[in-house]
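# sequence below, structure please.
(one chain, ligands or ions: 1)
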Amino acid sequence: MRSDTPIPAAVVNKYVKQMNLENVGKASIREIKRLVDLVEADTGQRYIRMEMGIPGLKPAEIGVEAEKNALDKGVAAIYPDIDGTSGLKKEISRFVRQFMGIDVQTQGCIPTVGSMQGSFASFLTLTRMNKQKDTILFLDPGFPVHKQQCRVLGTSFDSFDVYNYRGEKLRDKLEMHLHKGNIAALLYSNPNNPSWICFTEKELQIIGELATKYDAVVVEDLAYFAMDFRQDLSKPGQPPYQPSVANYTDQYILLISSSKVFSYAGQRIGMMVISDQLFERRAKNLRAYYGMEEFGRAMVFGTMYALSSGTAHSPQYALEAILRAVNDGKYDFVEVVKEYGEKAKIMKKLFTDNGFQIVYDKDEDKPLADGFYFTISYPGFTGEQLIETLVYYGISAISLAITGSERLEGLRACVSLVGREQFPDLEHRLKTFHAHHSGVV
Ligand SMILES: Cc1ncc(COP(=O)(O)O)c(C=O)c1O
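As a prediction, the model looks like this:
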């Protein structure tokens with residue numbers, strides 16, 4: 001590495017060696033985090049940290065207050081019901097009515113230990129309904145931990161990158177996978193981590209119709225609920241609503257995380273919303289595992305009981321209070337998180353002004369929304385080489401290669417931890433990088 005990079009190459013090299021990293025570009029998210037922590041501590045220089053997807057805002061205050069009150073009243077001593085407190089279940093059901101325009105009975109509205117427990121429980125239960133249907137299909141790029149969940153469960157999975165199959169093209173590609181008859185469920189996140197693509201209504205309709213045709217359940221991961229800021233999805237009871245496959249199939253599970261929308265990641269509380277039809281559906285094969293055939297009851301009294309016997313009590317009060325305020329139109333959660341979109345807009349421009357390209361850049365014919373993540377590449381660099389080089393310029397991100405993306409030249413950049421006061425530094429570092437590398441191709 002040349003000697004005039006913003007971060008002294010000798011210091012970076014010292015810690016790469018100390019950590020025994022053979023290839024920085026292939027390092028895991030946590031290894032990159034550690035390397036950057038060490039270099040920052042040594043040099044006193046702050047990185048533009050875009051590697052981890054963690055909220056950069058304060059937790060919703062209404063939640064913190066409600067949780068403190070609940071603890072003062074002694075809920076910590078009491079086992080909560082496995083499927084959640086009645087007040088929270090009611091507010092979750094109201095939330096999907098108010099912000100998605102769909103009706104789900106309270107029985108199917110279940111708090112989980114983060115949205116991650118919801119996906120784990122879904123994979124586990126859904127692959128036991130029918131012996132022939134034992135595989136999960138991921139519409140990639142995606143969140144790598146979902147595949148890790150399948151691995152630890154011993155569940156097979158299949159995947160494809162939707163980049164080349166947008167719009168009507170999705171139909172044939174999806175049908176090719178579903179036609180095999182082994183897909184129990186399919187999962188995607190919308191807006192998508194890492195690419196921030198958002199499926200259009202046409203695409204959601206294709207997914208819903210084919211899921212019904214081939215009897216596969218759709219697990220829709222709404223970790224970034226209402227964060228497609230191109231439309232105002234913030235008004236309770238008024239369209240436009242958060243787009244959803246729930247409008248096109250009745251066999252669905254929605255996973256709604258509180259981590260990003262309410263900045264409540266630390267309390268590990270999310271929502272699993274099972275459609276009425278799926279909740280009440282009976283599958284003979286479930287009896288062998290759960291002693292019962294009804295899907296919803298098997299999920300609650302079989303899977304959730306076995307996994308954690310419910311969700312911690314006090315965060316349920318937090319979420320109930322947040323949702324009540326949101327449902328009543330007293331707390332505009334979308335306004336709070338809009339900051340991510342505004343930062344993304346500025347940051348994307350800083351990158352593209354300096355020779356970078358946005359990898360996933362369109363939803364069919366519409367430019368992509370600005371939000372929590374965006375994807376970048378630089379001509380002549382693979383994703384690995386780009387991470388490895390940017391570290392010397394005080395910028396960290398992760399490679400798209402670990403997300404099931406076929407765009408191996410790309411990186412995912414997360415805006416949440418980058419402060420606006422760092423933008424001049426980001427600009428300077430990108431300019432320097434561009435000046436050093438624009439002759440590569
Ligand atoms: C797409 C996606 N799904 C799920 C999660 C996890 O959500 P939770 O913190 O509620 O478990 C994340 C968090 O980054 C995510 O990006």
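
# how is this protein divided into domains?
Following automatic domain parsing, one finds the domains of the chain at 9-57+336-437, 61-327.

# quick one, which of those domains is nearest to the ligand?
When the domains of the chain are compared by CB to the nearest ligand atom, domain 61-327 sits nearest the ligand, at 2.8 Å. C-beta coordinates here come from the backbone N, C-alpha and C atoms, glycine included.

# go through the domains of the chain and find the least confident stretch.
Mean pLDDT is lowest for domain 9-57+336-437 among the domains of the chain, at a mean of 94.

# hmm, that one in reach of the ligand?
Yes: using CB under 6 Å from any ligand atom, we find that domain 9-57+336-437 touches the ligand at residue 53.

# my guess is residue 249 contacts residue 213. True?
No: contact status for residue 249 versus residue 213: not in contact, 9.4 Å apart, counting by CB atoms under 8 Å.

# neighbour-wise, which of those two wins?
Using other CB atoms under 10 Å, the more surrounded residue of residue 249 and residue 213 is residue 249, with 24 against 12.

# for that one, helix, strand, or coil?
Here residue 249 is coil, with the state taken from DSSP: H, G, I helix; E, B strand; the rest coil.

# how about the residues of the stretch 151-300 of the chain near the ligand?
189, 193, 221, 223, 257, 259, 265, 270.

# try it again at 8 Å.
For the stretch 151-300 of the chain, the residues in contact with the ligand (CB under 8 Å from any ligand atom) are 189, 192-193, 221, 223-224, 255, 257-260, 265, 268-270.

# closest one to residue 315 out of these, please.
Within the set of those, residue 269 lies nearest residue 315; the separation is 4.1 Å, counting by CB to CB.

# the closest residue to that closest one other than its chain neighbours - how many residues pack around it?
Leaving aside its sequence neighbours, residue 269 sits nearest to residue 315 (CB to CB, 6 or more residues apart in numbering; 4.1 Å). Look at residue 315: counted by other CB under 10 Å, it has 24 neighbours.

# same check, this time on residue 429
By other CB under 10 Å, the residues close to residue 429 number 23.

# list the buried residues in the longest helix seen in the chain.
Across the chain, the longest stretch assigned as helix under DSSP state H is helix 333-352. By 16 or more other CB atoms under 10 Å, the buried positions in helix 333-352 come out as 333-334, 336-338, 340-341, 343-344, 347-348, 350-351.

# equivalent analysis for stretch 284-298, please.
Here stretch 284-298 shows 286, 290, 294-298 as buried, counting by 16+ other CB under 10 Å.

# do stretch 368-387 as well
368-378, 381-387.

# out of those residues, which sit inside strands?
Counting by DSSP state E, those place 373-377 in strands.

# from the residues you listed, pick the one nearest residue 14.
Closest approach to residue 14 among these (CB to CB): residue 376, at 27.4 Å.

# what angle sits between the longest helix of the chain and strand 373-377?
Interaxial angle, helix 333-352 versus strand 373-377 (axes from the mean of the first three to the mean of the last three CA atoms, to 10 degrees): 10 degrees.

# could I get the CA-only coordinates of helix 333-352 as PDB?
C-alpha atoms of helix 333-352 as PDB (Å, rounded to 0.1, in the frame of the first residue of the first chain):
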ATOM      1  CA  PHE A 333     -42.200   6.800  14.000                       C
ATOM      2  CA  VAL A 334     -41.500   7.400  10.300                       C
ATOM      3  CA  GLU A 335     -40.500  11.000  10.800                       C
ATOM      4  CA  VAL A 336     -37.900   9.900  13.300                       C
ATOM      5  CA  VAL A 337     -36.200   7.400  11.000                       C
ATOM      6  CA  LYS A 338     -36.300   9.600   7.900                       C
ATOM      7  CA  GLU A 339     -32.900  10.800   9.000                       C
ATOM      8  CA  TYR A 340     -31.400   7.600   7.600                       C
ATOM      9  CA  GLY A 341     -32.900   8.400   4.100                       C
ATOM     10  CA  GLU A 342     -31.600  12.000   4.200                       C
ATOM     11  CA  LYS A 343     -28.100  10.900   5.200                       C
ATOM     12  CA  ALA A 344     -28.100   8.200   2.500                       C
ATOM     13  CA  LYS A 345     -29.000  10.700  -0.200                       C
ATOM     14  CA  ILE A 346     -26.000  12.900   0.700                       C
ATOM     15  CA  MET A 347     -23.600   9.900   1.200                       C
ATOM     16  CA  LYS A 348     -24.600   8.300  -2.100                       C
ATOM     17  CA  LYS A 349     -23.800  11.500  -3.900                       C
ATOM     18  CA  LEU A 350     -20.400  11.800  -2.200                       C
ATOM     19  CA  PHE A 351     -19.600   8.300  -3.500                       C
ATOM     20  CA  THR A 352     -20.900   8.700  -7.000                       C
END
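
# so which elements touch it?
strand 357-358, strand 373-377, helix 423-437 (3 or more CB pairs under 8 Å, 6 or more residues apart in numbering; DSSP states H and E).

# which SS class is the residue nearest to residue 162 when sequence neighbours are not counted?
Of all residues not flanking residue 162 in the chain, residue 139 sits nearest, at 5.2 Å (CB to CB, 6+ apart). Using three-state DSSP, the structure places residue 139 in strand.

# per-residue pLDDT of residue 440, please?
Residue 440 is given a pLDDT of 52.

# residues contacting residue 178?
For residue 178, the contact set (CB atoms under 8 Å, 6 or more residues apart in numbering) comprises 137, 186, 210-211, 213-214, 216.

# and the helices and strands packed on helix 333-352: which comes nearest residue 126?
Proximity to residue 126 (CB to CB) singles out strand 373-377 among those, at 27.2 Å.

# right, and residue 401 touches residue 387 too?
No: in this structure residue 401 lies outside contact range of residue 387 using CB under 8 Å: 9.8 Å.

# what about residue 210, distance to residue 204?
Applying CB to CB, to the nearest Å, the value for residue 210 to residue 204 is 11 Å.

# what's the answer for residue 99, then?
16 Å.

# which of the two has more neighbours?
Neighbours per residue, other CB under 10 Å: of residue 99 and residue 204, the larger number sits with residue 99, 26 against 23.
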